[in-house]
Every structure is written in C-alpha cells, then in structure tokens.
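[1] Next input, structure requested:
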Amino acid sequence: MGYRTLLVDDEPLARERLARLLEAHPQFELAAALDSGDAMLEWLQQHSAELVLLDIQMPGRTGLEAAAELTSMAQPPLVVFCTAYDEHALEAFGVDAIDYLLKPIRRDDLSRALGRAEQRLALRQPATELASGLTQEPAADASGTDARSHLSARTHNGLELIPIDDVLYFSADQKYVNAVHEQGQTLIDDSLKQLEEEFGERFVRVHRSALVARDRMTRLEAQTGGGHRLYLRGQEEGISVSRRHLADVRRLMKRL
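    Below is the predicted model of the structure:
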C-alpha cells in the first residue's frame with residue numbers, strides 16, 4: 001500500500017501537472033486534489049494522509065496557516081511546499097516542512113523531496129511491521145541515489161540554494177555547520193552527521209569537525225610543526241587532518 005498523498009493548490013493546471021509528476025512515484029498514492037487549505041483541513045477531519053504537497057498563496061487560509069493547523073494533529077502528514085515565491089521559506093521551515101519547491105516544479109526536485117519524505121515516513125512504521133517485512137521497501141541508503149542536489153539555507157536574504165557540486169567542505173564549530181562553496185560560505189541547519197550519512201559517497205571525514213569533497217582533494221602534506229593538512233582544488237589554506245582519520249585519507253588519496 002502506498003503513502004496517501006494530497007495535492008493542495010488553487011490553480012487547476014498546477015494540480016494537474018503535479019498529479020502527472022506524481023505518477024512516476026507509485027509509492028505515493030494520490031488520495032485527493034484540493035483547491036484550498038480550508039478544504040484540506042476539512043478533508044483530513046474525515047480521512048488520513050501521510051504527505052501533503054501544499055501551495056502557499058491561496059484564498060482563505062494560506063498554505064502556511066493550514067500547515068500550522070496540522071501541527072496540532074497526533075500524527076500530522078508531512079508537508080512539502082510547492083510555490084512560485086521564495087520569500088516564505090523561513091516561515092515554511094518554521095512549521096516543520098520537509099522541503100520547499102519553487103514552481104515550475106522540476107521532476108528532479110520533486111523526486112528529491114519525495115525521497116526525503118519516504119525516509120521520514122519509514123521511521124513511523126511499527127517495529128513489528130518492519131521485522132515482518134510486510135511494509136514497502138525501505139528508502140535508499142547513503143549511496144547518494146536519493147541525496148539532495150542542493151542544500152537550502154535560511155539567510156537574511158531569504159532562501160539560499162547551494163549546489164552540492166559547488167561545496168568544497170563542511171566545517172562544524174560547536175552547534176553551527178558552515179558550508180564552504182565556490183560562491184563563499186553559508187551557515188546551514190544540517191549536522192555533520194546528517195551530511196555524512198546523506199553524502200557519504202561524495203564527502204569524507206578528515207576531522208571530527210570537517211567533511212571534504214572527495215573530488216576536490218589534491219594533495220596531503222606533513223606540516224613542519226607536526227600534523228597534516230589536506231589541500232583542495234579551489235581552496236588555498238588547506239584543512240587539518242586528525243591523526244584518527246589520517247590513514248583513511250591516505251588510502252583514499254592513493255585511489256584517486
């Protein structure tokens with residue numbers, strides 16, 4: 001049985017297009033296509049759903065207001081916002097949306113969002129079902145198959161999208177994680193552990209506080225005062241490599 005999914009958008013053509021894109025993901029079963037946040041809340045009083053693909057600018061309750069109502073439910077559906085505007089990104093994550101897609105929705109972006117939803121929904125399965133193997137197949141692992149193509153960061157300028165291909169390394173400083181990329185550096189909400197699990201095929205741990213892009217690695221040098229530094233293409237200063245991870249980095253460098 002698939003995950004029951006709602007499409008909520010006041011534009012008929014947007015609903016139709018999203019429904020067509022959803023057909024490529026049979027594990028997400030279209031339960032209803034609705035034209036407002038009010039209609040969604042009324043529908044959910046009588047039925048259940050695991051996922052809502054939700055527009056923001058609609059008559060009556062906005063998508064943000066409707067999503068805020070969902071948080072009071074015992075088992076609320078996951079929410080992916082689908083909107084033509086990016087100025088609501090900060091508010092969207094404030095109501096625990098798992099993704100924020102800009103119209104026109106691209107197939108790859110929807111696939112990424114549904115992959116994240118599937119991973120979250122798999123965690124809701126009762127342990128007895130998981131053990132018996134009666135549920136659908138688990139979500140993909142950290143091989144990178146369903147990994148995001150972009151990171152989203154909430155900055156003072158609104159939502160910033162950072163292509164994973166542009167990231168040189170991630171560094172952690174206490175509770176903050178900084179993504180250093182070709183355009184500069186940006187604080188992100190993901191932890192290093194989350195990033196390592198999702199992008200383990202593309203980034204390698206070189207220090208307890210640093211993950212570097214494998215395809216950016218150029219040379220490993222011993223330092224006069226002790227220790228080693230790893231130098232990356234597009235970055236001059238180099239990254240400190242801890243003794244704990246040195247052997248792994250050396251092995252990886254030999255294979256590159």
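[2] low-confidence ranges in this protein?
    Low-confidence segments of the chain (pLDDT under 70): 1, 86-95, 124-146, 155-159.
[3] Wasn't Ser111 part of a helix?
    Yes - assigned with DSSP: H, G, I helix; E, B strand; the rest coil, Ser111 falls within a helix.
[4] count of residues packed around it?
    Residues lying near Ser111 (other C-beta atoms under 10 Å) number 15. Just so you know, the C-beta spots here come from the backbone N, C-alpha and C atoms, and that holds for glycine as well.
[5] same question, Glu197
    Glu197: 13 neighbours (other C-beta under 10 Å).
[6] Repeat that for the one 4 residues further on.
    Neighbour count for Glu201, taken as other C-beta under 10 Å: 13.
[7] Also the one 4 residues further on?
    With neighbours defined by other C-beta under 10 Å, the count for Arg205 comes to 21.
[8] where's Asp9 relative to Pro59, distance?
    Taking C-beta to C-beta, to the nearest Å as the measure, Asp9 falls 11 Å from Pro59.
[9] So for those two, which residue has more residues nearby?
    Neighbour totals were compared for Asp9 and Pro59, and Asp9 leads with 25 against 10 (other C-beta under 10 Å).
[10] The closest residue to the more buried one other than its chain neighbours: what's it in contact with?
    Once flanking residues are discounted, Asp9 sits nearest to Asp55: 4.1 Å by C-beta to C-beta, 6 or more residues apart in numbering. Applying C-beta atoms under 8 Å, 6 or more residues apart in numbering, we find Asp55 in contact with Val8, Asp9, Asp10, Glu11, Ala14, Gly63, Phe81, Cys82, Thr83.
[11] Next: Arg250.
    By C-beta under 8 Å, 6+ apart, the neighbours of Arg250 are Leu220.
[12] tell me the phi and psi of it?
    Dihedral pair for Arg250: phi -60, psi -50, per degrees, to the nearest 10.
[13] How about Leu114?
    In terms of degrees, to the nearest 10, the main-chain angles of Leu114 are phi -70, psi -30.
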